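Peer 1: just to be clear, the model below is a prediction. Sequence and coordinates:
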Amino acid sequence: MMKVHHSHSYPLLSALLFFFFVTWSSSGSLLSIWLHQEVGLKAGDSGIIFAVLSVSALFAQICYGFIQDKLGLRKHLLWYLTAMLILSGPAYLLFGHLLKINILLGSVFGGLFIGLTFNGGIGVLESYTERVARQSQFEFGKARMWGSLGWAVAAFFAGLLFNIDPKLNFAVASCSGLVFLVLLARLRVSSAPHAMQEAVAGGKVTLEDALRLLTLPRFWALVFFVVGTCIYSVYDQQFPVYFSSQFATPEEGNAMYGYLNSFQVFLEAAGMFCAPWLVNRVGAKKGLIFAGMVMAMRMIASGLVEGPLLISMTKLLHAVELPVLLVAIFKYNSLNFDKRLSSTLYLVGFACTSSVIASVLSPLAGYCYEKYGFAESYLFMGILVFCITFISMFLLRSGNASADPQVPQLSTI
């Protein structure tokens, strides 16, 4: 039975991740360029949009995590995300129209939709995949690899389509959402009690179980680490604008960023394939620290180097850090916390914390970009990430749950 689950679940979940990221990349990989060139917003105005996006993702992640843990392997939340993916094309067109009428109104609408659909929704799909992976005995990283490939494929064409007509990217996004619908309809994962016991140990998840996480020092140590690593999302928000400014014309910059982003994510997919081996070898804690240090080095280097070639090389380091970070965070949570709360831990401890920090830093970053420039802002971000990662070396837990009597199992946390 386990082999049957594996052979059926792995390719379908891989395909779902692929087309989720195709939708996200088609509509969002050039979001900051679209806001700057098509809508005509300044960096500070774009920072407001990203802040609203982060706040909406924050509330979505809190709710999504608990709901998905209650649902277990049932697909109700995934069906809701499917509808949002299909509507992404029209939603972006309405987003642009509202921004031209009123920046605040457009920011609220766009931030809510993107946050609820993509920044909040990806955590649901990733945590669902990781839960099924534990039941069906395949590596989460090898399924998540296909999500990176989906982003890369869409990003490769995004710059070209943008130069023809940005609306073409939005059309691709909605079509990809329709494919996601077909694939989800074919996915069959048992939600019977015995299957749930294979995926997670213990009984039903209660609100008290989730809230008890807030009393654990090791939970707050993880949150502190995530505060540093999530700065990469703020770094990435307006990086396309900085990169495209290195070229003679905006059109050339748009196309070259599409190629760079695509190549980076192809490398990221290869990293997803290798990351489980590395994390299993060095341990979850060392994997997290390694990812944080690479992230700090990437940001600091971005503030020191000049020219599109060297800037491109710093951007490609993302393909090293993200796969290790994603695989290590799931393994760290599995070793140190109640497995029943895997979705809550990932969406609240990791994704939700990222949204809180991004909602605070996004407008500040937009202000810094305008006042001090991109390079100086990136240098400061990198130093901040390095300091937080260094302190986390002493706060995060080593070892594994089975060897640690202080990590309760089953119905306790």
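Peer 2: On my side now, so go ahead. Note that the coordinates shown come from a computational prediction; the quantities given were computed from them, not determined experimentally. Numbering: from 1, shown residues only.
Peer 1: Lys315 is in contact with Phe239, correct?
Peer 2: Yes: assessed by C-beta atoms under 8 Å, Phe239 is found in contact with Lys315 at 7.1 Å. Where C-beta positions appear, they are placed from N, C-alpha and C, glycine not excepted.
Peer 1: what residue ranges in the stretch 1-150 of the chain score low on pLDDT?
Peer 2: 1-7, 43-44, 54, 58, 61 (pLDDT under 70).
Peer 1: mind listing what Asn163 touches?
Peer 2: Asn163 makes contact with Glu251, Asn254, Ala255, according to C-beta atoms under 8 Å, 6 or more residues apart in numbering.
Peer 1: so where do the helices sit in the stretch 151-300 of the chain?
Peer 2: Per DSSP state H, counting those that start in this stretch, the stretch 151-300 of the chain carries helices over the ranges 166-186, 193-199, 207-212, 217-229, 231-237, 239-244, 250-282, 284-304.
Peer 1: ok, the stretch 1-150 of the chain next?
Peer 2: 2-28, 31-33, 43-71, 76-86, 88-101, 103-114, 121-136, 140-164.
Peer 1: now render those as CSV, adding distance to Ala358.
Peer 2: Compiled in CSV, the helices of the stretch 1-150 of the chain are given as follows (distance: least, C-beta to C-beta, whole Å):
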stretch, distance to Ala358
helix 2-28, 14
helix 31-33, 14
helix 43-71, 4
helix 76-86, 20
helix 88-101, 18
helix 103-114, 11
helix 121-136, 14
helix 140-164, 19
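Peer 1: how near is the closest residue to Ser233 other than its chain neighbours to Leu309?
Peer 2: Excluding the flanking residues, the one nearest Ser233 by C-beta to C-beta, 6 or more residues apart in numbering is Ala358, at 5.3 Å. Separation of Ala358 from Leu309 (C-beta to C-beta, to the nearest Å) stands at 29 Å.
Peer 1: how about Leu267?
Peer 2: For Leu267 relative to Leu309 (C-beta to C-beta), the value is 16 Å.
Peer 1: just Lys167 next, same as before
Peer 2: 32 Å.
Peer 1: look at those two and report which has more neighbours.
Peer 2: Each of Lys167 and Leu309 has its neighbours counted (other C-beta atoms under 10 Å); Lys167 has more, 15 against 9.
Peer 1: closest to Ser377 out of the helices of the stretch 1-150 of the chain?
Peer 2: helix 43-71 (10.0 Å; C-beta to C-beta).
Peer 1: show me which residues of the closest one are buried.
Peer 2: 43, 45-58, 60-71 (16 or more other C-beta atoms under 10 Å).
Peer 1: same deal with stretch 309-317?
Peer 2: For stretch 309-317, a neighbour-count test (16+ other C-beta under 10 Å) marks Ile311, Ser312, Thr314, Lys315, Leu317 as buried.
Peer 1: quick one: which of these sit in strands?
Peer 2: Among these, no residue falls in strands (DSSP state E).
Peer 1: report the two of those residues separated the most.
Peer 2: Ile311 and Leu317 (11.3 Å).
Peer 1: keeping just the C-alphas, turn stretch 389-396 into PDB.
Peer 2: Output in PDB follows, covering the C-alpha atoms of stretch 389-396 (Å, rounded to 0.1, in the frame of the first residue of the first chain):
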ATOM      1  CA  THR A 389      22.100  33.800  12.300                       C
ATOM      2  CA  PHE A 390      25.300  34.000  14.400                       C
ATOM      3  CA  ILE A 391      23.200  34.400  17.600                       C
ATOM      4  CA  SER A 392      20.900  31.500  16.500                       C
ATOM      5  CA  MET A 393      23.900  29.200  16.500                       C
ATOM      6  CA  PHE A 394      23.500  29.200  20.300                       C
ATOM      7  CA  LEU A 395      19.700  29.200  20.500                       C
ATOM      8  CA  LEU A 396      18.600  26.500  18.100                       C
END
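Peer 1: Trp36 is in contact with Ile49, isn't it?
Peer 2: I think there's a mix-up here, since residue 36 is His and not Trp. No: with contacts counted by C-beta under 8 Å, His36 stays clear of Ile49, the gap being 11.3 Å.
Peer 1: neighbours of Pro217, how many?
Peer 2: Neighbour number of Pro217 under other C-beta under 10 Å is 9.
Peer 1: for Ser9, same thing?
Peer 2: 22.
Peer 1: for Val356, same thing?
Peer 2: For Val356, the neighbour count with other C-beta under 10 Å is 18.
Peer 1: give me the pLDDT value at it.
Peer 2: As predicted, Val356 sits at a pLDDT of 71.
Peer 1: which stretch of helix or strand covers it?
Peer 2: helix 353-372 (DSSP states H and E).
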